[in-house]
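K.L.:
give me coordinates for this.
(one chain, ligands or ions: 2)
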Amino acid sequence: MTELNPQYFDHQMMHRALMLARRGLMTTRPNPAVGCVITLGTEVVGEGWHHQAGEPHAEVHALRAAGQKVRGATAYVTLEPCSHIGRTPPCCDALIEAGVKRVVVAMQDPNPRVSGNGIQRLKAAGISVDVGVLQLAAESLNPGFISRMTRQRPWVTLKMATSLDAKTALSDGRSQWITSSDSRSDVQFFRAQADAILSGAATILADDPKLTVRVDQWPKSRPLPEPLKQPVRIIIDSQHRVNDEARVFDSPAPVWLVRTTPGKPSCHPHCHELIIAADPNGKVSLPALMVELANREINQLWTECGANLAGALIQQQLCDRLMIYSSGQLLGHHGRSVIDMNEPLNLASAPRFKIIDRRQVGPDQRLVAVPHTQ
Ligand code: AOF
Ligand code: ZN
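P.N.:
Numbering: from 1, shown residues only. Ligands and ions are numbered 1, 2, ... in the order given. Below is the predicted model:
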């Protein structure tokens, strides 16, 4: 029999726990997606993942599956086991009571109610704890949760659909459709991972979008999330231009209208007004909005908006990921620009993103870029 390399085994098991965690990516919000594997010797005796906020955490599912085989076992968890009483009791106590001997953790929980306490409690109970196995992979699973906990703001993606010459509409505003149905279907997968979709009144008036996750457009290659949770639709409407007939109200999912002053109450019960401070230009202060969204437990914000709001997000350094769907069409120099922002004083001061992924989506290409940090 070949000798077991303990480090390789730890990686393998944590990888398995991460795969389990992924199953909750579209359903656990506002909680993070977390996976857990329990082993006894080299045998996997239990596994689980967190399904939905309010339901048991990953460790509890895995402990239940392991049954009696948990004494002296090792638990691999993608996030530090919690130490607080939230919607459910602390997982570190459940692991201690079950008689687990070792716990391997991918990353510390950034939630200030936990942040190291879970690890301390396990150690104090005589359990051997290793932290940091596949940490980067674990962090990349929950960027929104980490952002809300550590920066008090959501993790913001700006999605754009452009022609090959980087235009987003004809000069008169016509834009349906520039990218293919494959791209629009791909977008559904990302909308479903977001807690909320942000747009502006200009987009609502011009395109009258629903901004929902559409089952009929769901990509065939991906399983439909169960349950399918519709994101909150957040519309910046400083000038009170969105009216009750907009199609965004057709779905029962909440709509939050963001304004600097109260407006006429909507006839839709699922419509709420968020009053946010104005910036010096009289527009909704985007940093203040982000703080409010974090307070309202928005982890991931998916933005589909016009050039003005896109430019403001970029100039105020509130964009954590750009996702650009580029078609093969050419719209010419009269076409509308995708981002409206002040011209940089020089090339060195231009906002810069680093392109980290480019892939084919039907006849289009999808480009992913993140802020370039030196
Ligand atoms: C874990 N395992 O599977 C998850 C954890 O309100 P509750 O009880 O659901 O607690 C939510 C918090 O617990 C969440 O903010 C995060 O700090 C942690 N999530 N912890 O031990 C899990 N999902
Ligand atoms: Zn827990």
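K.L.:
can you give me the neighbour number for the closest residue to ligand 1 within the stretch 201-350 of the chain?
P.N.:
The stretch 201-350 of the chain approaches ligand 1 most closely through residue 297 (9.2 Å), counting by CB to the nearest ligand atom. To be clear about C-beta, it is placed using only N, CA and C from the backbone, and glycine gets the same treatment. For residue 297, the neighbour count with other CB atoms under 10 Å is 15.
K.L.:
which residues touch stretch 138-151?
P.N.:
14, 18, 21-22, 25, 29-33, 78-79, 106-107, 110-112, 153-155, 195, 294, 297-301, 320 (CB atoms under 8 Å, 6 or more residues apart in numbering).
K.L.:
residues in contact with the residue most central in space within the chain?
P.N.:
Nearest to the geometric centre of the chain sits residue 300, at 3.4 Å (CA atoms, centre = their mean). Neighbouring residues of residue 300 by CB under 8 Å, 6+ apart: 29, 143-144, 154-155, 157, 193-196.
K.L.:
looking at those, which is nearest ligand 1?
P.N.:
Among the contacts of residue 300, and counting by CB to the nearest ligand atom, the member closest to ligand 1 is residue 29, at 10.5 Å.
K.L.:
ok, and the closest non-adjacent residue to that closest one?
P.N.:
Nearest residue to residue 29, sequence neighbours excluded (CB to CB, 6 or more residues apart in numbering): residue 195, at 5.1 Å.
K.L.:
wait, doesn't the one you found sit right on residue 27?
P.N.:
No: under the criterion of CB atoms under 8 Å, residue 195 makes no contact with residue 27, lying 11.6 Å away.
K.L.:
more neighbours: these two, which one.
P.N.:
Counted by other CB under 10 Å, residue 195 and residue 27 do not tie: residue 195 has more neighbours, with 23 against 20.
K.L.:
now the strands: where do they sit in the stretch 1-150 of the chain?
P.N.:
Remark: strands assigned in the stretch 1-150 of the chain by DSSP state E, counting those that start in this stretch are 35-40, 43-49, 74-77, 102-105, 128-131.
K.L.:
same check, this time on the stretch 251-374 of the chain
P.N.:
Applying DSSP E, counting those that start in this stretch to the stretch 251-374 of the chain gives strands spanning 255-259, 271-275, 300-304, 321-326, 336-337, 353-361, 364-371.
K.L.:
of these, which is nearest residue 71?
P.N.:
Across those, residue 71 has its closest neighbour in strand 300-304 (39.0 Å, CB to CB).
K.L.:
can I get that closest one in CSV, CA atoms only?
P.N.:
Taking C-alpha atoms only, strand 300-304 is exported to CSV below (Å, rounded to 0.1, in the frame of the first residue of the first chain):
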residue,chain,number,x,y,z
GLN,A,300,-23.0,40.9,-4.0
LEU,A,301,-24.3,43.8,-6.1
TRP,A,302,-24.7,43.2,-9.8
THR,A,303,-25.0,46.4,-11.8
GLU,A,304,-26.6,46.8,-15.2
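K.L.:
and the helix or strand that residue 186 is a member of with strand 353-361, angle?
P.N.:
Assigned by DSSP states H and E, residue 186 belongs to helix 181-193. If you take axes from the mean of the first three to the mean of the last three CA atoms, to 10 degrees, helix 181-193 sits at 120 degrees to strand 353-361.
K.L.:
the helix or strand following helix 181-193 - contacts with which helices or strands?
P.N.:
The helix or strand immediately downstream of helix 181-193 is strand 196-200, counting by DSSP H and E. On a contact count with 3 or more CB pairs under 8 Å, 6 or more residues apart in numbering; DSSP states H and E, strand 196-200 meets strand 232-236, strand 300-304, helix 307-315.
K.L.:
can you put the ones you listed in CSV and add distance to ligand 2 and mean pLDDT?
P.N.:
Listed next are those as CSV, based on distance: least, CB to the ion, whole Å; pLDDT from 0 to 100:
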stretch, distance to ligand 2, mean pLDDT
strand 232-236, 25, 98
strand 300-304, 21, 98
helix 307-315, 34, 95
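K.L.:
can you put the ones you listed in a markdown table and add distance to residue 42?
P.N.:
Output for those, formatted as a markdown table (distance: least, CB to CB, whole Å):
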| stretch | distance to residue 42 |
| --- | --- |
| strand 232-236 | 45 |
| strand 300-304 | 37 |
| helix 307-315 | 49 |
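K.L.:
now these as a markdown table including distance to ligand 1?
P.N.:
Output for the helices and strands packed on strand 196-200, formatted as a markdown table (distance: least, CB to the nearest ligand atom, whole Å):
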| stretch | distance to ligand 1 |
| --- | --- |
| strand 232-236 | 18 |
| strand 300-304 | 15 |
| helix 307-315 | 26 |
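K.L.:
closest to residue 97 out of these?
P.N.:
strand 300-304 (34.2 Å).
K.L.:
which parts of the chain belong to which domain?
P.N.:
6-142, 152-371 (the TED database).
K.L.:
so which of those domains is the most surrounded?
P.N.:
Looking across these with neighbours counted as mean count of other CB atoms under 10 Å, the highest average goes to domain 6-142: a mean of 20.
K.L.:
okay, how far is it across that one, tip to tip?
P.N.:
End-to-end span of domain 6-142 (CA to CA, to the nearest Å): 27 Å.
K.L.:
can you measure across stretch 161-179, start residue to end residue?
P.N.:
6 Å.
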